[in-house]
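A.B. asks: coordinates only, sequence not included:
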């Protein structure tokens, strides 16, 4: 492995959680190996480690030394043997290769690829998924003057079909779509392509917001349901999101993505009398944003007001006001793709290795 490629997998123990998450995004393998100033291995950190840390503490600026695994598995370069057997024995996909003095000189992979872990057939087989597909998509005008937002293609496949295909990887067969704007075009399209799953339509007479139409669903559910906007793609383990919701005891879980914003100026810090105390060049601000994907307990459907414009954010705020449990499932910035604006739509196409 070339040094430039190797550096994508290495970090120092004083790196922050935000920095580590961004670097994991770039190497697309879900892991970093932590080294000291002499490039000797001292630990490892995965996206799962970071997610558990963020759920527990919410601290984005902590140094990764606080959460890294200090006893990672590794091989020596002079005694690698069949490294694939080594990876299989310890059920890992990636391992560092060390020199005799414990410097990281290479990385080996099982060959399965990081994305393989996302597909776990039938783990969500009996889970209903509601796709909020009734909006006008005003941010994508004039595209949406011709096509409803759910049918705008990413590559050559409409975004809503891509969302369904992603859930199908986990065995989901029971879909609902809330419709309003250009609903007949959506129904006509899926009448031709739908197979191996059911898609029931929930039709609004008037726009009811991202949650208001949920009370129109007549079916009863005996377990948590997943609700997602029709213009996003989430690259994460959907089964793990669902499992986390149940294990945490949340009534509502919001899938939340890291968002980094760089201020394109030097920022001045000051105190009274206009005295400058310091300057910071192009600081980076980090926040979690609502992706538009949720897991909610079925009892909440009965609490959504009827025939009222009501967003999922209204539901979450009402629950918080009542001191009820609303939680998040954090994902990285690069794992959240939003088609809502032209620039983001192009990024989505690039992420899916397609031409604009």
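C.D. replies: Here it is on my side, so go on. Keep in mind the model is a prediction, meaning the values are calculated, not measured. Numbers count the residues shown, from 1 in each chain.
A.B. asks: what's the burial count for residue 171?
C.D. replies: Using other C-beta atoms under 10 Å, residue 171 is surrounded by 17 other residues. (Each C-beta comes from the backbone N, C-alpha and C, glycine too.)
A.B. asks: tell me the secondary structure at it.
C.D. replies: Under DSSP: H, G, I helix; E, B strand; the rest coil, residue 171 falls in the coil class.
A.B. asks: got the contact list for it?
C.D. replies: Counting by C-beta atoms under 8 Å, 6 or more residues apart in numbering, residue 171 touches 121, 122, 123, 124, 125.
A.B. asks: of those - the most surrounded one?
C.D. replies: Using other C-beta under 10 Å as the neighbour criterion, residue 124 leads the contacts of residue 171 with 23 neighbours.
A.B. asks: give the contact list for that one.
C.D. replies: Counting by C-beta under 8 Å, 6+ apart, residue 124 has contacts 167, 170, 171, 172, 226, 238, 239, 242.
A.B. asks: now for those, which pair is the farthest apart?
C.D. replies: Pairwise distances among these were taken by C-beta to C-beta; the largest, 12.7 Å, belongs to 171 and 226.
A.B. asks: quick one: what helix or strand has residue 107 in it?
C.D. replies: Element membership of residue 107, judged by DSSP states H and E, is strand 104-109.
A.B. asks: ok, the spatially closest residue to residue 182 that is not a sequence neighbour - how many residues close by?
C.D. replies: Nearest in space to residue 182, with sequence neighbours left out and distances taken as C-beta to C-beta, 6 or more residues apart in numbering, is residue 148 at 3.8 Å. Neighbour count for residue 148, taken as other C-beta under 10 Å: 25.
A.B. asks: test my guess that residue 292 contacts residue 211.
C.D. replies: No. Counting by C-beta atoms under 8 Å, residue 211 is not a contact partner of residue 292; they are 11.4 Å apart.
A.B. asks: which of these two has more neighbours?
C.D. replies: Taking other C-beta under 10 Å, residue 292 and residue 211 do not tie; residue 211 has more neighbours (27 against 21).
A.B. asks: so what's the more buried one closest to, chain neighbours aside?
C.D. replies: Distance criterion C-beta to C-beta, 6+ apart; nearest residue to residue 211, sequence neighbours excluded, is residue 312 at 4.6 Å.
A.B. asks: what's the per-residue pLDDT of the one you found here?
C.D. replies: Looking at residue 312, its pLDDT is 94.
A.B. asks: same check, this time on the one 3 residues further on
C.D. replies: As summarised for this prediction, residue 315 has a pLDDT of 96.
A.B. asks: equivalent analysis for residue 182, please.
C.D. replies: In this model, residue 182 carries a pLDDT of 86.
A.B. asks: tally of neighbours for it?
C.D. replies: Neighbourhood size, residue 182 [other C-beta under 10 Å]: 21.
A.B. asks: quick one: it and residue 136, what's the gap?
C.D. replies: 9 Å (C-beta to C-beta, to the nearest Å).
A.B. asks: for residue 128, same thing?
C.D. replies: Going from residue 128 to residue 136 by C-beta to C-beta gives 25 Å.
A.B. asks: neighbour count winner among those two?
C.D. replies: residue 128 (21 against 15).
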